[in-house]
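Undergrad: Got a predicted model here, sequence first, then my questions.
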Amino acid sequence: MATTVPSIACLGVIGRNNNPLHTTIFPSYDPATNTYRPVRTPLQFSLILSSTLDVFELRARQNAAAGTGLTGDLGLLHAVDDRLAAYGFETNTGTRFVVVVDMRGRRLDGSAAVAAAAEKRSGTAATGLREGEMRPVFKAMQAAYIKLMQNPFFEIDEHSVPGGMGGKRITSKRFAEEMRRIGERWGPGVTSL
């Protein structure tokens with residue numbers, strides 16, 4: 001049986017009005033067929049991303065009740081099942097980044113960085129991820145999003161419609177390529193992307 005380590009199954013960007021802006025899905029290792037394929041359909045990932053909105057709202061209410069209007073790395077939002085877990089980050093403008101991690105998504109014989117990180121950790125799938133292992137992903141996603149916002153031809157008002165209905169999805173090829181790069185390069189123990 002092949003040894004597996006966590007990998008990113010899906011990256012999602014959700015607008016401040018709860019509208020989906022961007023989703024990137026990554027293939028995961030399937031030991032039954034010894035191939036890589038997504039563990040869920042695009043619709044299922046869309047539902048997972050939507051389900052995280054409740055957790056974002058709950059945490060916002062808890063922070064408001066505690067007198068802290070904190071945003072930022074919210075850590076683990078919820079475990080979807082024994083294989084998938086959703087992690088979240090909220091910017092101070094209300095844009096939300098969600099990373100769905102597949103705890104058995106990549107064979108160990110992948111990149112050297114992933115193999116070295118897995119050597120340092122024993123039983124990664126059983127113990128989950130350590131606090132802060134998603135920070136490099138969120139930092140890279142936020143940097144890509146900021147770079148997109150700085151593009152003078154990108155009109156944020158088209159993508160952020162009040163009421164959460166409608167709004168365009170981000171179609172920038174450069175942004176999509178950056179999301180793909182982030183998802184493919186991340187592994188447990190990776191400190192910068």
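TA: Received the coordinates, thanks. Numbering: from 1, shown residues only.
Undergrad: contacts, neighbours, all on C-alpha from now
TA: Will do.
Undergrad: What's the first helix or strand after the lowest-mean-pLDDT helix or strand in the chain?
TA: The helix or strand of the chain with the poorest confidence is helix 124-127; it has a mean of 42 (mean pLDDT, DSSP states H and E). Next helix or strand after helix 124-127 toward the C-terminus (DSSP states H and E): helix 135-149.
Undergrad: Now do the buried residues in that next one.
TA: For helix 135-149, a neighbour-count test (16 or more other C-alpha atoms under 10 Å) marks 135-138, 140-142, 144-145, 148 as buried.
Undergrad: Equivalent analysis for stretch 8-21, please.
TA: Residues of stretch 8-21 classed as buried by neighbour count (16+ other C-alpha under 10 Å): 8-21.
Undergrad: what about that stretch, distance to the chain center?
TA: In terms of C-alpha atoms, centre = their mean, to the nearest Å, the centre of stretch 8-21 is found 8 Å from the chain centre.
Undergrad: which non-adjacent residue is nearest His37?
TA: Careful, residue 37 is Arg; it's not His. Pro27 (4.3 Å; C-alpha to C-alpha, 6 or more residues apart in numbering).
Undergrad: Could you dump the buried residues of helix 135-149 into TSV with distance to Tyr36 added?
TA: Shown next, in TSV, are the buried residues of helix 135-149 (distance: C-alpha to C-alpha, whole Å):
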residue	distance to Tyr36
Arg135	26
Pro136	24
Val137	22
Phe138	24
Ala140	24
Met141	24
Gln142	28
Ala144	26
Tyr145	28
Leu148	30
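Undergrad: List the contacts of stretch 137-154.
TA: For stretch 137-154, the external contacting residues (C-alpha atoms under 8 Å, 6 or more residues apart in numbering) are 73, 89, 97, 156, 175, 178-179, 182-183, 186, 192-193.
Undergrad: In this structure, which residue is most central in space?
TA: Val99 (1.5 Å; C-alpha atoms, centre = their mean).
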